[in-house]
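Student: need coordinates for the following:
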Amino acid sequence: MVASGSSGSGARSLEAGERVLLVDARDRRYLVTLARGGRFHTHAGILDHDLVIGRSEGSAVFTASGKRFIAVRPTLADVVIQMPRGAQVIYPKDLAALLMLADIGPGMRVLEAGVGSGALSLALLRAGAFVVGYELRPEFAARARANVTAVLGEAPYVIELRDVYAGISEVGLDRIMLDLPEPWRVIDAAAGALRAGGILACYLPTINQTAELRKSLRRSSFGLCETVEVLQRTWHVEGDSVRPDHRMVAHTGFLTTARLLQPVRESPGG
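Tutor: From the prediction side, this is the model:
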């Protein structure tokens, strides 16, 4: 069942079996799967699932002790932050940037390696891509499959237990997305697997890794390289009190993209 902010849900009531986001008065957020007869135990008391099931999205619901929660369907960002994980996920701020930087769109054939807990897979699939994932660790592959199924149900998603450093069997890909320690080892294989003009996108935590990647890209058939870092700062806005929040989501990773170019030929004038 689709559980994450699906379009076209309209005024559909919250139903048993779907995920709901419960937000308390202090903006603490809890991801709960509704079940008939279920109970959600919190610091603010017990909330019966049956009080949520059948209500309209955005309704206020109350625990037995009178504490209020707002019940809404979770966005993909909510799911990514709170979903079960075996590996650290890419944060929503970086997922959003990667979708734009790699220009992901419906029907694109995308290779992703490694899939980790499936956060990037979810973002790619929600954007309409067909995704093949390479992952070495079976437990990570299983977790990614479970997370994707819980949010999207059936999706055009295949995970192969393969080492991308050993090569890529797919050809004519539109995009390749890498979340690996040494993506420069994949550049030659990526050039053979991408279509002309296709985009390679890499997520790396350190600038030293990024510098090594950019050095290798300069010696390759890739060009139009770009590296960005996304910093997210929220603001406190309450009446006349307006200021940046004391905490922000600062560095998480460096995002590098490059496009596969055709070989340079000599100009007619030599």
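Student: next up, the contacts around the closest residue to D163 other than its chain neighbours.
Tutor: Excluding the flanking residues, the one nearest D163 by CB to CB, 6 or more residues apart in numbering is L136, at 5.7 Å. Quick note: C-beta positions are derived from backbone N, CA and C, even for glycine. By CB atoms under 8 Å, 6 or more residues apart in numbering, the residues touching L136 are 114, 161-163.
Student: state the pair within those residues that is farthest apart.
Tutor: By the measure CB to CB, G114 and L161 form the most distant pair in the contacts of L136, at 10.4 Å.
Student: neighbour count: those two, which is higher?
Tutor: Between G114 and L161, counting by other CB atoms under 10 Å, G114 is the more crowded of the two (22 against 12).
Student: so what's that one up against?
Tutor: 87, 133-137, 140, 164, 179-180.
Student: go again with 6 Å.
Tutor: If you count contacts by CB atoms under 6 Å, 6 or more residues apart in numbering, G114 has them with E135.
Student: next helix or strand past the lengthiest helix in the chain?
Tutor: Counting residues, the longest helix found in the chain (DSSP state H) is helix 138-152. Counting by DSSP states H and E, the element after helix 138-152 in chain order, helix or strand, is strand 157-160.
Student: that following strand - contacts with which helices or strands?
Tutor: strand 130-134 (3 or more CB pairs under 6 Å, 6 or more residues apart in numbering; DSSP states H and E).
Student: now the strand it packs on against helix 138-152, angle please.
Tutor: Orientation check (axes from the mean of the first three to the mean of the last three CA atoms, to 10 degrees): strand 130-134 against helix 138-152 gives 160 degrees.
Student: for strand 130-134, packing partners?
Tutor: strand 109-113, helix 119-126, strand 157-160.
Student: one step back: check which helix or strand covers the residue nearest to D163.
Tutor: Per DSSP H and E, there is no helix or strand for L136.
Student: can you redo the helices and strands packed on strand 130-134 as JSON lines with distance to L260, mean neighbour count and mean pLDDT?
Tutor: Shown next, in JSON lines, are those (distance: least, CB to CB, whole Å; neighbours: other CB atoms under 10 Å; pLDDT from 0 to 100):
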{"stretch": "strand 109-113", "distance to L260": "13", "mean neighbour count": "24", "mean pLDDT": "98"}
{"stretch": "helix 119-126", "distance to L260": "19", "mean neighbour count": "25", "mean pLDDT": "97"}
{"stretch": "strand 157-160", "distance to L260": "22", "mean neighbour count": "18", "mean pLDDT": "97"}
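Student: out of those, which gets nearest to S220?
Tutor: Per CB to CB, nearest to S220 of the helices and strands packed on strand 130-134: strand 109-113, 17.0 Å.
Student: partner strands of that closest one, with direction?
Tutor: strand 130-134 (parallel), strand 173-178 (parallel) (DSSP bridges).
Student: mind giving me a markdown table with these and columns for distance to L200?
Tutor: As requested, these are arranged in a markdown table below (distance: least, CB to CB, whole Å):
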| stretch | distance to L200 |
| --- | --- |
| strand 130-134 | 14 |
| strand 173-178 | 5 |
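Student: could I get these as a markdown table with distance to Q82 and mean pLDDT?
Tutor: Shown next, in a markdown table, are these (distance: least, CB to CB, whole Å; pLDDT from 0 to 100):
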| stretch | distance to Q82 | mean pLDDT |
| --- | --- | --- |
| strand 130-134 | 21 | 98 |
| strand 173-178 | 23 | 98 |
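Student: burial count for D78?
Tutor: Around D78 there are 19 residues (other CB under 10 Å).
Student: numbering from 18 from now on, please.
Tutor: Noted, 18 is the first residue going forward, which turns the last one into D95.
Student: number of nearby residues for the closest residue to R53 other than its chain neighbours?
Tutor: Leaving aside its sequence neighbours, R53 sits nearest to A33 (CB to CB, 6+ apart; 5.1 Å). A33 has 15 neighbouring residues, counting by other CB under 10 Å.
Student: thinking A33 is in contact with V49, fair?
Tutor: No: judged on CB atoms under 6 Å, A33 makes no contact with V49 at a distance of 11.5 Å.
Student: in contact with L115, which residues?
Tutor: L115 sits next to A218 when contact means CB under 6 Å, 6+ apart.
Student: element containing it, please.
Tutor: Going by DSSP H and E, L115 is in helix 109-118.
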